[in-house]
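Participant: kindly generate the corresponding structure for this input.
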Amino acid sequence: MNDTATGPWREALGVIDGLLTAPPPERERQLRELEATQPDVHRRVRALLDADAVATRIGFLDVPG
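Facilitator: Below is the predicted model:
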């Protein structure tokens, strides 16, 4: 895979940690800004956030007990 293909994913991974810990209003503000300035990265970040929400909902990382 070349840097053109991986670049947006690398940027998305660099953004996601901050968004996961941001309060919802700040997260939405940052997402709107990202969508306006870097739509490719925004799509990937949104996909990661959606996957995180699903993983949380189904208890993907929960310890069976």
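
Participant: dump the residue contacts of the residue nearest the centre of the chain.
Facilitator: Central residue of the chain (C-alpha atoms, centre = their mean): residue 45, 3.1 Å from the mean position. Listed by C-beta atoms under 8 Å, 6 or more residues apart in numbering, the contact set of residue 45 reads 12, 15-16, 19, 31, 34. Backbone N, C-alpha and C define where each C-beta goes, glycine included.

Participant: where does this structure dip in pLDDT?
Facilitator: Scanning the chain for pLDDT under 70 picks out 1-5.

Participant: in helices, which of the contacts of residue 45 appear?
Facilitator: Residues from those lying in helices, with DSSP state H as the criterion: 12, 15-16, 19, 31, 34.

Participant: show me which of those residues are buried.
Facilitator: 12, 15, 19, 31, 34 (16 or more other C-beta atoms under 10 Å).

Participant: reformat those residues as JSON lines; add distance to residue 40.
Facilitator: Below are those laid out as JSON lines (distance: C-beta to C-beta, whole Å):
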{"residue": "12", "distance to residue 40": "9"}
{"residue": "15", "distance to residue 40": "12"}
{"residue": "19", "distance to residue 40": "16"}
{"residue": "31", "distance to residue 40": "14"}
{"residue": "34", "distance to residue 40": "10"}
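
Participant: list just the nearest of those to residue 63.
Facilitator: residue 19 (25.6 Å; C-beta to C-beta).

Participant: just the helices in the protein please.
Facilitator: 3-21, 24-37, 39-58.

Participant: just the angle for the second one relative to helix 39-58, thanks.
Facilitator: Between the axis of helix 24-37 and that of helix 39-58 there is an angle of 150 degrees, by axes from the mean of the first three to the mean of the last three C-alpha atoms, to 10 degrees.

Participant: what is helix 24-37 packed up against?
Facilitator: Packing contacts for helix 24-37, counted by 3 or more C-beta pairs under 8 Å, 6 or more residues apart in numbering; DSSP states H and E, involve helix 3-21, helix 39-58.
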